[in-house]
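**Student:** missing the sequence, but the structure's below:
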């Protein structure tokens, strides 16, 4: 079963949603047969590659959001993140454009597709953690090379791919697909190309979506007639009684 | 998903458009579920079955186009074709009527419909290449029999079908359908009988059309509420911020 997840890096609900989805996946009986693919999305393509102020300053100055409301939102999200075991630190966040990070993710996806396993997931996890928990600049080439190398990629290959823009079109294709899907916000989860889940929903909802999509792809093959139909043999009891 | 393509043989943009569409299709995740059908179109039904001059002479003498403008157009198109890996050779082109070529394509389509695969596409490719790259006479029965046989058709069946005009009405039906669709030029692409793409557009645009048509035919079933709506659980971030 395929789960395609559209997600940005500088997106507080994306990390929370990742945790909640992972919780459902770890309890899912068929988890070994689930392939997760991370797709890029940019909440704010206009973000500068580097910005010297804080996240709060960026949102209030550039986006015109009232500073006290932004601060309150940070507090609330930090608390929700803490419930998922994440230690958000908005005061240290480095405002940065996520495009190169998404390109790195595509390099990792290519390695996974070529037979490696879990590199893209490790990179996605590290990018989110670097941004929200450790005040690292996910727009910086050095940080990206380090994160990729720790996940098992070759450092010089990362530098070459980012310099050549090897995966620029792949990120554009992700964003185009998101448009075709009508995605207006992230995280957004697509199960088996058929079921959509919008937002960092509770783990139970992801569990329900996994069950539904799995059953759809693997319907029961009935052996014998459906009991009770056409006066055939094989009694059954339902809410209306027994036949 | 069905893609219907109206296209002529003596049509330089049709070959270029074929390449660009193929590029998008090869990157399309659901390419195995796409059926491409080639439809005939005649840019110039009045073309003689044989004409002894060059393409440049035909266009300048019979069509009254200034020779230097035609030559310049040839140069430009040759360059664009080269960018798609095609080696156009306008100096060697044999002016010929494409009607019999379209009939051959219908014989190939019938074989594909009867369970064969890829014959019509191989014939279409070979006809375009013969005309634009190899100076072959696509009006000649011998050339058509050879092209068809190389694609897997039976030579004597081709000869019989062309002699009997078995597929003459099928070509007429293609052209009538094109008129009904309002097609005024080729190539023209119709996706799932719903989305149209006119001309040899960039591969990017074909990719977008494939995504859109696919999603339209396979809408997501949402599991759970749409995040952010009605103050429900499940945070999401959009371009206007996070809820």
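**Tutor:** Yes, it's here. Keep in mind it's a predicted model, so treat the numbers as computed, not measured.
**Student:** use CA for all of it now, contacts and neighbours both
**Tutor:** Noted.
**Student:** helix or strand: which one has residue A:74?
**Tutor:** For residue A:74, the element it lies in under DSSP states H and E is helix A:67-83.
**Student:** quick one: is whatever helix or strand comes next after that helix near chain B?
**Tutor:** Sequence-wise, the next helix or strand downstream of helix A:67-83 (DSSP H and E) is helix A:99-113. No - judged by Cα under 8 Å from any Cα of the partner chain, helix A:99-113 and chain B are separated, with a smallest distance of 13.6 Å.
**Student:** tell me what the helix or strand following helix A:99-113 is packed against?
**Tutor:** Proceeding N to C from helix A:99-113, the next assigned helix or strand is helix A:119-132, under DSSP H and E. The elements that helix A:119-132 packs onto, with contact taken as 3 or more Cα pairs under 8 Å, 6 or more residues apart in numbering or on different chains; DSSP states H and E, are helix A:12-27, strand A:35-40, helix A:99-113, helix A:141-150.
**Student:** quick one: contacts of helix A:119-132?
**Tutor:** A:9-10, A:12, A:15, A:37-38, A:87-90, A:93-94, A:101, A:104-106, A:108-109, A:111-112, A:136-138, A:147-148, A:151-153 (Cα atoms under 8 Å, 6 or more residues apart in numbering or on different chains).
**Student:** before we move on, back to that, want to try CSV for the helices and strands packed on helix A:119-132, with mean pLDDT as columns?
**Tutor:** Compiled in CSV, these are given as follows (pLDDT from 0 to 100):
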stretch, mean pLDDT
helix A:12-27, 97
strand A:35-40, 96
helix A:99-113, 96
helix A:141-150, 97
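**Student:** highest average neighbour count across these?
**Tutor:** Neighbour counts averaged per stretch over the helices and strands packed on helix A:119-132 are highest for helix A:99-113, at a mean of 23; criterion: mean count of other Cα atoms under 10 Å in any protein chain shown.
**Student:** now do it and helix A:141-150, the angle between them.
**Tutor:** Helix A:99-113 runs at 20 degrees relative to helix A:141-150, counting by axes from the mean of the first three to the mean of the last three Cα atoms, to 10 degrees.
**Student:** helix A:99-113 to strand A:35-40, inter-axis angle?
**Tutor:** Relative orientation of helix A:99-113 with respect to strand A:35-40: 160 degrees, computed using the same axes, to 10 degrees.
**Student:** now what about helix A:99-113, what contacts it?
**Tutor:** A:9, A:37-40, A:42, A:45, A:117-120, A:123-124, A:127, A:138-139, A:144, A:148, A:153, A:158, A:161-162, A:165-168, A:170-171.
**Student:** rerun at 6 Å
**Tutor:** Residues lying outside helix A:99-113 but in contact with it, judged by Cα atoms under 6 Å, 6 or more residues apart in numbering or on different chains, are A:40, A:119-120, A:167.
**Student:** does chain B sit close to stretch A:159-169?
**Tutor:** No - contact check for stretch A:159-169 against chain B, using Cα under 6 Å from any Cα of the partner chain: none in range, with a minimum separation of 9.3 Å.
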